[in-house]
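Colleague: no sequence for this one, just the structure:
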């Protein structure tokens, strides 16, 4: 009987702890300190993003012989734990090309999250990727 009481007590405590937790659903678009991305030895976010894509982006083989120029716009959330979530395409050029850009963003290293009132916050980013792939190879 004591064992059953102990199990019930533990399960009530655990369920009480879980019930008391709230999920932070607030997403900032303009925190006091914006999220940052640092890649390799780059010191600015722009140069970090450019270097990351130069090092990691692969043009789909089926598109190598075609020339594409333009802007792909991708939206995502930088979470408090530095990960990226809720990735979605806002503006694309060509479906296979758009998918490879999204895959590259999914594989990005962790970011430095945004800060508001001294706390890490979830922050929405709209990121433009400029494509200037002029007929050539993927080397």
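Modeller: Here it is on my side, so go on. Small disclaimer: the values here were computed from a predicted structure and weren't measured.
Colleague: could you find the closest non-adjacent residue to the residue nearest in space to the middle of the chain?
Modeller: Residue closest to the average C-alpha location in the chain (Cα atoms, centre = their mean): residue 84, at 2.6 Å. Excluding the flanking residues, the one nearest residue 84 by Cβ to Cβ, 6 or more residues apart in numbering is residue 76, at 5.1 Å. (C-beta placed from N, C-alpha, C; glycine too.)
Colleague: OK, contacts around the one you found?
Modeller: 84-88, 105, 124-125, 127 (Cβ atoms under 8 Å, 6 or more residues apart in numbering).
Colleague: which one of these is nearest to residue 55?
Modeller: residue 105 (13.7 Å; Cβ to Cβ).
Colleague: which ones among the contacts of residue 76 map onto strands?
Modeller: Among the contacts of residue 76, the members found in strands (DSSP state E) are 84-88, 124-125, 127.
Colleague: can you flag the buried ones in those?
Modeller: In these, burial by neighbour count holds for 84, 87, 124-125, counting by 16 or more other Cβ atoms under 10 Å.
Colleague: want to throw those into CSV with pLDDT and distance to residue 52?
Modeller: As requested, these are exported to CSV (pLDDT from 0 to 100; distance: Cβ to Cβ, whole Å):
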residue, pLDDT, distance to residue 52
84, 95, 12
87, 96, 15
124, 97, 20
125, 95, 14
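Colleague: if we can go back for a sec, how about the one helix or strand the residue nearest to residue 84 maps to: buried residues?
Modeller: Residue 76 is located in strand 68-78, with elements delineated by DSSP states H and E. Neighbour-count burial for strand 68-78, counted by 16+ other Cβ under 10 Å, picks out 72, 74, 76-78.
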